[in-house]
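# For reference, the sequence and a predicted model appear below.
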Amino acid sequence: MNRTATAGRPTTSRAGSASLLYRRRRRRWPFVLIGLLVLALAGGAVWLVGFSSVLGTKQVEVRGITVVAEADVLAAADVPLDQPLARQDIDGIAGRVAELTPVESVEVTRQYPDTVVIMVRERTAVIAVDDGDAYLLLDRHGVPYRRIAKLPAGVVLAELNAGNTRLAEQVGLVAAALPAALRKRVEVITATNESSIELELTDGDRVIWGTADESALKATVLVKLLERKGKVYNVSAPHHPAIR
């Protein structure tokens, strides 16, 4: 009897262990299935966004242009259509469009489900140089970018060599610093070198500006000086201006 009782215990123990293991495995299966489902969904999402034509590029939208032709922007951008939107080389597109001379800066974004948006910031003219039968427009950085028949309002005529990029930049900084009301009073900005910038006003008065350094301060000082009678206003040292 003792042998029979003793021999039966391992059998009961093995059966119980097998049953426990089976129950544990049954409890794990839902988690395994959920994990597989998550992986499948993630893989499907990656394929859908990055490799399928479902979210492929169908159109390119150009914004912010008034001077640059849309066709020129699209040609420079060279956006590959039907390529998945997520795989578009946004930086490359922006870099190519930025090479257009009238363009100052570019921002390119993806607009799901199928559009690349190119936001262009064009250069704004602050000075113009007489170029024979037209005017050559330059922005605040002194970059020449457009020829136009008539001098636009708010753009100051400048007498300088537009090919001298450093000097053009300095004069552009001066013109950009002038408040609109003061800019209207400027007949022409002259400069033979970077330290000899002068303004000739519409009433014949002259302003000795000097260099482009502290141009914002010089403009503020000049506005106050012009309230006093004079023919020559010297703001080259804005902390010690002079009138004669």
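Received, thanks.
# how near is Gly204 to Lys184?
As judged by Cβ to Cβ, to the nearest Å, Gly204 and Lys184 stand 15 Å apart. Where you see a C-beta, it was placed from the backbone N, CA and C, and this is true even at glycine.
# Now tell me what touches stretch 203-211 from outside.
The contact list for stretch 203-211 (Cβ atoms under 8 Å, 6 or more residues apart in numbering) reads 170, 174, 185, 194-201, 215, 218, 222, 230-237.
# hmm, 10 Å instead?
Stretch 203-211 has contacts (Cβ atoms under 10 Å, 6 or more residues apart in numbering) with 170-171, 173-174, 177, 182, 185-187, 189-191, 193-201, 215, 218-219, 222, 225-226, 229-238, 241-243.
# Just these: which are in strands?
Counting by DSSP state E, the contacts of stretch 203-211 place 186-187, 189-190, 197-201, 232-234, 242-243 in strands.
# Just put those in JSON lines and tack on pLDDT and distance to Gly64.
Output for these, formatted as JSON lines (pLDDT from 0 to 100; distance: Cβ to Cβ, whole Å):
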{"residue": "Val186", "pLDDT": "97", "distance to Gly64": "29"}
{"residue": "Glu187", "pLDDT": "97", "distance to Gly64": "32"}
{"residue": "Ile189", "pLDDT": "98", "distance to Gly64": "28"}
{"residue": "Thr190", "pLDDT": "97", "distance to Gly64": "34"}
{"residue": "Ile197", "pLDDT": "98", "distance to Gly64": "32"}
{"residue": "Glu198", "pLDDT": "98", "distance to Gly64": "35"}
{"residue": "Leu199", "pLDDT": "98", "distance to Gly64": "32"}
{"residue": "Glu200", "pLDDT": "98", "distance to Gly64": "35"}
{"residue": "Leu201", "pLDDT": "98", "distance to Gly64": "35"}
{"residue": "Val232", "pLDDT": "98", "distance to Gly64": "43"}
{"residue": "Tyr233", "pLDDT": "98", "distance to Gly64": "38"}
{"residue": "Asn234", "pLDDT": "98", "distance to Gly64": "41"}
{"residue": "Ala242", "pLDDT": "97", "distance to Gly64": "44"}
{"residue": "Ile243", "pLDDT": "97", "distance to Gly64": "44"}
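# Which of these sits closest to Asp89?
Distance to Asp89, by Cβ to Cβ, is smallest for Ile189 among the ones in strands among the contacts of stretch 203-211, at 41.7 Å.
# you'd agree Leu226 is up against Leu182?
Yes - between Leu226 and Leu182 a contact is recorded at 7.9 Å, counting by Cβ atoms under 10 Å.
# which neighbours do these two share?
Leu201, Val207.
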